[in-house]
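S.K.: turn this into a model:
(2 chains)
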Amino acid sequence: MIRLEPRASASRLATWLSPLAALALTLLGGAALFAMLGVDAWQGLRLFLVEPFDGLYAWGELAVKATPLALCAVGLSLCFRANVWNIGAEGQLVAGAVAGGGAALLAGPGTWPGYVLLVMIAGMLGGMLWAALTAWLKDRFGANEMLVSLMLTYVAQLLLGYLVFGPWRDPYGYNFPQSRPFDEAAVLPVLWEGTRAHAGLWLALAAAVAAWLFLARSHPGFRLRVAGAAPAAARYAGYSSRQVLWTSMLACGALAGLAGIGEVAGPMQRLTASVSPGYGFAAVIAAFLGRLHPAGALLASFVMAALYIGGELAQSRLGLPASIVGVFQGMALALLLLGDTLVRHRIRWHPPAGAAG
Amino acid sequence: MAVPRLELRGITKQYPGALANDDVSLAIAPGEIHAVLGENGAGKSTLMKIAYGTLAPDAGQILWDGRPVALRAPGDARALGMGMVFQHFVLFDTLTVAQNVALGLPPAAARGPARTWLAPLIARYRLRLDPDAHVGDLSAGERQRVELLRALAARPRLLILDEPTSILSPEAKAALFSTLRQLAAEGCSVVYISHKLEEIRELGDRCTVLRAGRAVATVDPRASARDELAVLMLGTAVDQVRAVEPRPAGDPVLSVRRLSMPAPAGQRVGLREVSFELRAGEILGVAGVSGNGQTLLLSALSGEEASGPDDAVLLMGRPVGRLRPAARRALGLRAIPEERLGRGCVPEMGLDENMLLTMAPAQAAAGGWIRRRGLATAAARVIARYGVRAAAPRVPARSLSGGNLQKFMVGRELDGAPRVLLAAQPTWGVDVGAAARIHQALIDLRDAGGAALVVSEDLDELLGLCDRVAVMAGGRLSPAVARERIGTDMLGRWLEGRWDHDPA
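M.R.: Here you go, the predicted structure:
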């Protein structure tokens, strides 16, 4: 019988190496997958390892994808550190896109050029509102935040679908389910000529720094960490668990909302029926890959972004199915969880009980 | 001596910054009760973890029945026939007693209703447990017996007990000792880790004394005087706690009036019309077997549980029944909980951050930002003043031994200059030296005009420390009686809740 026995102490080095090992094994698994699909493994891996980093435009694309991932992953790190299992960042992202997109649609040709700031704030508020629904249901009725936040994701997506198929559909859009293009004043500036990287990148970097400062240096951040690490100690100290729930949920909602409106006001410049290829879910993986540390989450977001880009390239160049990204993400998460289990436990082989003495 | 059942030869274990075991050798004969005596931090727990396969030694050899064995994990030790009762509980709260025991057994050994396979074992060793009770509902004392039961169910040939009596009532302790003697008479070797000299002199056939990681002597504890053992253990004569002198108490600082609370979810005992007064300049003891409402009373006083009507609890004459812990702390009420790790301290965080847990926000975090340097200074101050053995203010709380962490927590709360201090089992699992230091700190607080409420199962502790003692039983609190008026037979009656006919 195989059993897992906890180790006396987890090695610090192993704790940090585990995400890297998970990534390396994901690539190996990917190579095997390519081989099975009849694609040259190196050619396939090149799309994930080299192409996403090749040239200014590629880096710009990497930044475009890493920005929403990082915003969500930083927010989720705060929740997870507080033992608040919000897995609905995707829904909060969509809600942010809806609220911010709505604000953007109010802008016309003569609107004040700084209007995009209001658009971003509207996006944040939208994400916060969506997160607040989950927080309120948990606070008031003790609802499970994991289920509620996940289910609300679908509600947000359906709401977006209703708007772009219905009231917000572009009358000149040949019946495509999308809004009219946003006005100049409601669009995020591009950072570097020749790329699509937008100012949301700075927001993601700022969010990571702010979250780190909050966790490591602020008293509310300390309370959040205590509540996550030792709930009884938080009660003993007199910290309010409600405050921790609301703080982490609202912070995550704000960041996910920013991610959503960043997508819409940045690269898309209009609302469509689908504003995210699952960034909010992939950010869960990024948060854990990054050890729930804001800097780690930021780094891991670039890794996940490269996976997205590699997957798109595999689709267009090698004719592989779009689900390849999901397969890679799934492998990365499963291997990371496996690695973490082995860091904290060791496998032991026991002869069947009763056979010995 | 016949071939020892377990022999440790030249065990050495180096931790970063500390040599936990330095060339320790120890032999335990079959059917022997062998005590391992030492202060906290002397290396007792490390040695036993090595014997049980939880830790690997850096050097040294382990022999079982005269044959060298390699223990890579506790499973190896269990397969040989070793059992261990840990100081900290490793039980599943949501499972029943029988389920917890069954988890450690091969499936075939725990088949059928618990009444048939477990009840005889409970009866045989007089453990007084309901096999179908949920562990979460049990008191600390009962949980300890579940741990013991779990070890016994595997029919061990050698049983290690790490500080097992720290929370047992006198009767429970006597029952445990007769269980252990019964086991030894049946041929099982018993390794008994403790720092309590009296117990070891009462129980042990032989005693190995550890000091600062080295085995300094192996003696016959029954033939050794108490002082002699203490000197071996500590290296110097033990400081005597200054005798407590009765003194006139001041004004009431904490008054509780007819406080009743329902039993919290998952527990059986609530509070029934608890009333008492704690005066400035006194230490009031609350005796009683754990599980009789003490934990709930302390949570109600500290504010962790809202304590009913606002004026059921008065602090300095002010109704505080609905105030939260931080607000009560700001008024000068501080508490030291029974569970050190996970409640009193965050295990993963450094001592500096653990200082912050109960520090006034204004002092700890100016404008909401934590001042790490200030915290480190505060932690270093507590470490120095209360003799906490910690390498640095930033070491995680988890890395401290029980006694050192307790000294740290007592020091942390006293550092906040409390007017009322609530202490739950303040010397549970703490060695003689640390216990003396903690008692002295409480007496100093009292002499400076502060007040302390000490909840303990250790009657000797209460009778040596407190000005007045009350007894808790079934959620009720007896009248408080001056220490010198308490007799043993009266205590026995009161511990069972029969005080109504005694003159208080």
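S.K.: make it CA atoms for all contacts and neighbour counts henceforth
M.R.: Noted.
S.K.: which single residue in the stretch 1-150 of chain B comes nearest to chain A?
M.R.: B:P106 (5.5 Å; CA to the nearest CA).
S.K.: neighbours around that residue, how many?
M.R.: By other CA atoms under 10 Å in any protein chain shown, the residues close to B:P106 number 13.
S.K.: would you mind measuring from it to A:Q43?
M.R.: As defined by CA to CA, to the nearest Å, B:P106 lies at a distance of 52 Å from A:Q43.
S.K.: repeat for B:S478
M.R.: Using CA to CA, one obtains 81 Å as the distance from B:S478 to A:Q43.
S.K.: of those two, who's got more company?
M.R.: The neighbour count for B:S478 versus A:Q43, taken as other CA under 10 Å, is higher for B:S478 (23 against 13).
S.K.: so that one sits against B:R468, correct?
M.R.: No: at 11.5 Å, B:S478 does not count as touching B:R468 under the criterion of CA atoms under 8 Å.
S.K.: report the central residue of the chain.
M.R.: Here I'm looking at chain A. Of all residues in chain A, the one closest to the mean position by CA atoms, centre = their mean is A:A283, 2.2 Å from it.
S.K.: I was thinking of chain B, sorry if that wasn't clear
M.R.: Centroid-nearest residue in chain B, with CA atoms, centre = their mean: B:W428, separated by 2.6 Å.
S.K.: which residues does the closest residue to chain A within chain B contact?
M.R.: As assessed by CA to the nearest CA, chain A sits closest to B:R343 within chain B, at 3.8 Å. With contacts defined as CA atoms under 8 Å, 6 or more residues apart in numbering or on different chains, B:R343 is in contact with A:230-236, B:337.
S.K.: and the stretch 151-300 of chain A, which of its residues are near chain B?
M.R.: By the criterion of CA under 8 Å from any CA of the partner chain, the positions of the stretch 151-300 of chain A lying close to chain B are A:217-220, A:226, A:229-239.
S.K.: just to revisit the earlier point, what does the model give the residue of chain B closest to chain A for pLDDT?
M.R.: In the prediction, the pLDDT value recorded for B:R343 is 92.
S.K.: three-state assignment of it?
M.R.: Each residue gets one of three states, and B:R343 gets coil by DSSP: H, G, I helix; E, B strand; the rest coil.
S.K.: now the closest residue to chain B within chain A: how far from B:T358?
M.R.: When distances are taken as CA to the nearest CA, chain A reaches nearest to chain B at A:A233, 3.8 Å away. Applying CA to CA, one obtains 10 Å for the distance of A:A233 from B:T358.
S.K.: domains for chain B, by residue range?
M.R.: With automatic domain parsing serving as the domain definition, the record reports that chain B contains domains spanning B:6-234, B:247-332+B:418-504, B:340-416.
S.K.: any part of the second one near chain A?
M.R.: Yes: counting by CA under 8 Å from any CA, chain A has neighbours in domain B:247-332+B:418-504: B:303-304, B:324-326.
S.K.: strands of chain A, start to end?
M.R.: With DSSP state E, the ranges of strands along chain A come out as A:2-6, A:345-349.
S.K.: B:D227 is nearest to which of those?
M.R.: With distances scored as CA to CA, the stretch of the strands of chain A nearest to B:D227 is strand A:2-6 (41.1 Å).
S.K.: parallel or antiparallel, list what pairs with the closest one.
M.R.: strand A:345-349 (antiparallel) (DSSP bridges).
S.K.: so how far is the strand it pairs with off the chain centroid?
M.R.: Here the centre of mass of C-alpha atoms in strand A:345-349, compared against the chain's by CA atoms, centre = their mean, to the nearest Å, lies 33 Å away.
S.K.: what about the residue of the stretch 1-150 of chain B closest to chain A, distance to B:R385?
M.R.: With distances defined as CA to CA, the gap from B:P106 to B:R385 amounts to 50 Å.
S.K.: and what of B:A265?
M.R.: If you measure B:A265 against B:R385 using CA to CA, the figure is 40 Å.
S.K.: ok, B:C188 next?
M.R.: Between B:C188 and B:R385 the distance is 44 Å, computed by CA to CA.
S.K.: ok, now A:T341?
M.R.: The span separating A:T341 from B:R385 equals 41 Å under the rule CA to CA.
S.K.: for stretch A:186-197, what does the pLDDT average out to?
M.R.: Mean per-residue pLDDT for stretch A:186-197: 88.
S.K.: just how off-centre is it within its chain?
M.R.: Centroid separation between stretch A:186-197 and its chain, computed with CA atoms, centre = their mean, is 21 Å.
S.K.: may I have the phi/psi pair for B:A29?
M.R.: With angles defined as degrees, to the nearest 10, B:A29 sits at phi -80, psi 160.
S.K.: report how many residues lie close to the closest residue to it other than its chain neighbours.
M.R.: Distances taken as CA to CA, 6 or more residues apart in numbering or on different chains put B:P4 closest to B:A29, at 4.4 Å, once the chain neighbours are dropped. For B:P4, the count of nearby residues is 20 (other CA under 10 Å).
S.K.: so B:P4, which of the three states?
M.R.: Under three-state DSSP, the three-state class of B:P4 is coil.
S.K.: the residue nearest to B:G449 when sequence neighbours are not counted - how many residues pack around it?
M.R.: With CA to CA, 6+ apart as the criterion, B:G449 has its nearest non-adjacent residue at 4.4 Å, and that residue is B:G281. Residue crowding around B:G281 was assessed by other CA under 10 Å; the count is 27.
S.K.: helix or strand: which one has B:G281?
M.R.: B:G281 is located outside every helix and strand, with elements delineated by DSSP states H and E.
S.K.: doesn't B:A448 make contact with it?
M.R.: Yes: under the contact definition of CA under 8 Å, B:G281 touches B:A448, with a separation of 7.1 Å.
S.K.: still on that earlier bit, return the closest of the contacts of B:R343 with respect to A:G310.
M.R.: A:A230 (40.3 Å).
S.K.: pull the number of nearby residues for the residue nearest to A:D139 when sequence neighbours are not counted.
M.R.: If you skip the residues right next to it in sequence, A:D139 has A:R242 as its closest partner in space, 6.7 Å away by CA to CA, 6+ apart. For A:R242, the neighbour count with other CA under 10 Å is 13.
S.K.: A:R242 touches A:L137, doesn't it?
M.R.: No: counting by CA under 8 Å, A:R242 does not reach A:L137; the two are 11.7 Å apart.
S.K.: where in chain B is pLDDT low?
M.R.: Scanning chain B for pLDDT under 70 picks out B:1, B:16-18, B:40-41, B:88, B:140, B:165-169, B:234-249, B:307, B:488-489, B:502-504.
S.K.: as a quick check, tell me the outermost residue of it.
M.R.: Centroid-distance maximum for chain B: B:G367 at 38.0 Å, with CA atoms, centre = their mean.
S.K.: quick check: phi and psi on that one?
M.R.: With angles defined as degrees, to the nearest 10, B:G367 sits at phi 60, psi 20.
S.K.: do B:D500 as well
M.R.: phi -60, psi -30.
S.K.: neighbours around it, how many?
M.R.: As a burial measure, the neighbour count of B:D500 was computed by other CA under 10 Å and equals 10.
S.K.: give the contact list for the nearest residue to B:R371 once chain neighbours are set aside.
M.R.: The spatially closest residue to B:R371, leaving aside those adjacent along the chain, is B:A365, at 6.1 Å (CA to CA, 6+ apart). Residues touching B:A365, when contacts are defined by CA under 8 Å, 6+ apart, comprise A:218-219, B:371.
S.K.: reformat the residues you listed as TSV; add distance to A:V39 and neighbour count.
M.R.: Listed next are the contacts of B:A365 as TSV, based on distance: CA to CA, whole Å; neighbours: other CA atoms under 10 Å in any protein chain shown:
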residue	distance to A:V39	neighbour count
A:S218	51	20
A:H219	53	21
B:R371	57	17
